[in-house]
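1. got a predicted structure plus its sequence, pasted below:
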Amino acid sequence: MLPNQMVKSLIGKEVRVEMKGEESELVGKLEGVDDYMNLYLTNATEVKNGEKIRNLGEIVLRGNNIILIQPGE
C-alpha cells in the first residue's frame, strides 16, 4: 500500500500529526488528503505532553511540513 493510500484509509478517523519545528502535536478528525499529503482536519486541537493547549477548529496542514501521521487513541 502506498503512503498516500494509507493516509486516505484514515479519513473520518482521529489522527495525531507531528510538524517540523514544533514541540506540540495536532490532533483532529481527518476529513481529506490530497496527492501532496496536505491534510484537512476538523475539531483540531494542539496538544503538548498529553495536555490540551488550545482548540484550532478547522485547519489545513501543508504536507511538506508534516513529520508523522498516526491514528488517534
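-> Yep, that arrived.

2. quick check: closest non-adjacent residue to the most centrally placed residue in the chain.
-> Nearest to the mean C-alpha position of the chain, by C-alpha atoms, centre = their mean, lies Val17 at 3.8 Å. Nearest residue to Val17 in three dimensions, chain neighbours excluded: Leu26, at 4.6 Å (C-beta to C-beta, 6 or more residues apart in numbering). C-beta coordinates here come from the backbone N, C-alpha and C atoms, glycine included.

3. equivalent analysis for Asp34, please.
-> Gly63 (7.8 Å).

4. which ones are touching that neighbour?
-> Listed by C-beta atoms under 8 Å, 6 or more residues apart in numbering, the contact set of Gly63 reads 34, 36-39.

5. what pLDDT is listed against it?
-> If you check Gly63, the pLDDT there is 94.

6. phi and psi next, for it.
-> phi -60, psi -40 (degrees, to the nearest 10).

7. any idea how far it lies from Asn38?
-> 5 Å (C-beta to C-beta, to the nearest Å).

8. can you pick the most crowded of the contacts of Gly63?
-> Most neighbours among the contacts of Gly63, by other C-beta atoms under 10 Å: Leu39, with 25 neighbours.

9. ok, it - contacts?
-> Leu39 sits in contact with 7, 15, 17, 30, 32-33, 60-61, 63, 66, 69, where contact means C-beta under 8 Å, 6+ apart.

10. which residues of this structure fall in strands?
-> Taking DSSP state E to define them, one finds strands in the chain at 14-19, 25-33, 39-48, 51-61, 66-71.
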